[in-house]
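Trainee: Quick check, what structure comes out for this input:
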Amino acid sequence: MGAGFGAVALTALRQIEARGGSGAGQPVIDPLNPFAPRAPHFAPRAKSVIFLFMVGGPSQLDTFDYKPLLQKLDGKPVPASIRQALEATKHANVFHGCKDELMGSPYAWKQYGQSGMWVSELYPQVAEHVDDLCFIHSVQADSNNHGPASYQMHTGDIRPGKASLGSWVTYGLGTQNQDLPGYVMLFDAGPLGGAANYSNGFLPAAFQPTRLRDRGTPVLDLLPPESMADGQRRTLDLIRDLNLEHRGTRPGYSELDARIASYELAYRMQSAALEVGDLEQEPAYLRRAYGFEHADQRTQNFARKCLLSRRLVERGVRFVQVYDMPDKDGWDAHAKLTDNHTPRARWTDQPIAALLSDLKQRGLLDSTLVVWASEFGRTPMMQGEKGRQHNAAGFTVWLAGGGVRPGTRIGSTDEIGLMAAEEPVPFRDLHATVLTALGLKYESLSFEVNARQERLTGVAGSAKPVRGVLG
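Mentor: So this is what the prediction gives:
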């Protein structure tokens, strides 16, 4: 009898897993239509997210966090008071591998917009949009290593295996366009740490992302051979009938549900993905504005990703993750910072500025939350030959659109840009802010794993939206 009741309980638990759990605020998932739009918990400010991830850690001190004192102290040691304050925290290892010598920014800076935001010469075109941006200058990560910090930015945990932000968003809300994936990735080279950054983790398999290409057929093997095209629908109908019969004896088996749903999505995507991926439909002046005709091929490549991301959210895709990394190094400038940062800024500045302009002109910026971020920043101390070390103690993220208060600066680092000094912001608070903008209760959005409610924002009560970001 005990074994019998155990089997009943197991079946019930599997059914709960397929629905996405049973707790308050958890979405009820139709396993055969997992991307059906679901109502948010409250009125949202944003409907979609475009997350621009700058892989490798761009220096906040050379992009968006101007420090006049650092320029004055160029070549001098770190002030004792700042060193002692940081050494008393968990970020003390930031000094490892650095010279006790400050390095001022090699770039010129100026103020832009009515808000008077300081931006370096690395981002002159993004700088023209500062009155639409909200800068958070006091973000902190828990790790000073690429992989763990990147996992934490994407999933809320320094350990791999957790669900990514894009998976959580599509789990909670579904998506508006049933002919395209709800969660899309765009990249040439993936982020440091690999697929664990963007996977669905413990969430049902349907909420894993789909990678689209910005050239050629958007999804590899999307189209059947011509000789099989006429009978494709009949073949898929037969496969669906057989899979449903097989599923009937295996309730709650989410991987099988996801497989059935993926066949149908792939069929619908054949025309929708080809259409959304046809960037030549856009007028020549707009493609030129994004950078399609730029002399640098890598600027052209990132321009295509930015334009494709706009086309995706315009068609109702919920979450688009864009990586700027065209090679294995990213912004990881341990030496010769200018050799690293100058071209990477050139590859991304014009496309990002054009994306912001395009979204705004189409009336999409109000409903699209744009996030520019990385896994950490870099130190004011020199490393190697005029390079900078990783710095998780304080760095900059900016957001735009989606209910964000424009022309705003939140938090600050100390006078040399080493550590967050005012309003430190952990990644979980940034995640709580994104979920809140989308109308989701970040503590209610959970999934039961091993009898424990897992959340993107961690243990209940440990996160809060960043004060002042959302209007």
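
Trainee: what residue ranges in the stretch 351-471 of the chain score low on pLDDT?
Mentor: Applying pLDDT under 70 to the stretch 351-471 of the chain flags no residue at all.

Trainee: now the strands for it?
Mentor: Taking DSSP state E, counting those that start in this stretch as the test, the strands found in the stretch 351-471 of the chain are 368-373, 377-383, 387-391, 395-400, 408-410, 412-413, 420-422, 425-426, 447-449, 452-454.

Trainee: what's the answer for the stretch 1-150 of the chain, then?
Mentor: 48-53, 109-112, 117-120, 133-140.

Trainee: out of the ones you listed, which comes closest to L244?
Mentor: strand 48-53 (32.0 Å; C-beta to C-beta). Bear in mind the C-beta positions are built from the backbone N, C-alpha and C, glycine included.

Trainee: just the CA coordinates of the closest one, formatted as CSV?
Mentor: Only the C-alpha atoms of strand 48-53 are listed here, as CSV (Å, rounded to 0.1, in the frame of the first residue of the first chain):
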residue,chain,number,x,y,z
SER,A,48,9.9,42.6,-24.1
VAL,A,49,13.6,42.7,-23.2
ILE,A,50,16.7,43.2,-25.3
PHE,A,51,19.7,42.3,-23.2
LEU,A,52,23.0,43.5,-24.7
PHE,A,53,25.7,41.6,-22.9
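
Trainee: angle of that strand against strand 395-400?
Mentor: 150 degrees (axes from the mean of the first three to the mean of the last three C-alpha atoms, to 10 degrees).

Trainee: List the contacts of strand 48-53.
Mentor: 153, 165-166, 169, 191, 309-310, 313, 316-324, 348, 352, 355, 367-374, 402, 434, 438 (C-beta atoms under 8 Å, 6 or more residues apart in numbering).

Trainee: So which of these are in helices?
Mentor: Under the assignment DSSP state H, the contacts of strand 48-53 contribute M153, L165, G166, V169, S309, R310, V313, T348, I352, L355, V434 to helices.

Trainee: and those, which are buried?
Mentor: Neighbour-count burial (16 or more other C-beta atoms under 10 Å) is assigned, among those, to M153, L165, G166, V169, S309, R310, V313, T348, I352, L355, V434.

Trainee: what's the closest of those residues to N177?
Mentor: Nearest to N177 among these, with distances taken as C-beta to C-beta, is V313, at 9.7 Å.

Trainee: Worst mean pLDDT across the helices and strands of this structure, which element?
Mentor: Within the chain, no helix or strand scores below helix 2-19, which has a mean of 43 by mean pLDDT, DSSP states H and E.

Trainee: Flag the shaky bits of the chain, pLDDT-wise.
Mentor: Across the chain (using pLDDT under 70), the flagged ranges come out as 1-25, 220-233, 235-236, 252-255, 258, 260-271.

Trainee: residues in contact with P77?
Mentor: Counting by C-beta under 8 Å, 6+ apart, P77 has contacts D100, E101, L102.

Trainee: next one: V469
Mentor: Contacts of V469 (C-beta under 8 Å, 6+ apart): C134, I136, L399, V404, R405, T408, I410, T433.

Trainee: By neighbours, which of these wins?
Mentor: L399 (30 neighbours; other C-beta atoms under 10 Å).

Trainee: T408 versus that one, what's the distance?
Mentor: 9 Å (C-beta to C-beta, to the nearest Å).

Trainee: Are there residues contacting both of these two? Which ones?
Mentor: L133, C134, V469.

Trainee: Which residues are in contact with the second one?
Mentor: Right, the one you point to is C134. Under the criterion of C-beta under 8 Å, 6+ apart, the neighbours of C134 are W398, L399, A400, V404, R405, P406, G407, T408, R409, I410, V469.

Trainee: where exactly do the helices run in this structure?
Mentor: Counting by DSSP H, the helices of the chain are 2-19, 68-72, 80-87, 124-127, 146-155, 165-173, 226-229, 232-248, 254-276, 284-290, 297-314, 337-361, 427-437.

Trainee: Hey, what's the angle from the third one to strand 377-383? Just curious.
Mentor: Between the direction of helix 80-87 and that of strand 377-383, the angle (the same axes, to 10 degrees) works out to 130 degrees.

Trainee: In this structure G407 contacts Q114, no?
Mentor: Yes. G407 is within contact range of Q114, at 6.7 Å (criterion: C-beta atoms under 8 Å).

Trainee: Name the residues contacting each of these two.
Mentor: Looking at what touches both G407 and Q114 (by C-beta under 8 Å, 6+ apart), the common residues are D131.
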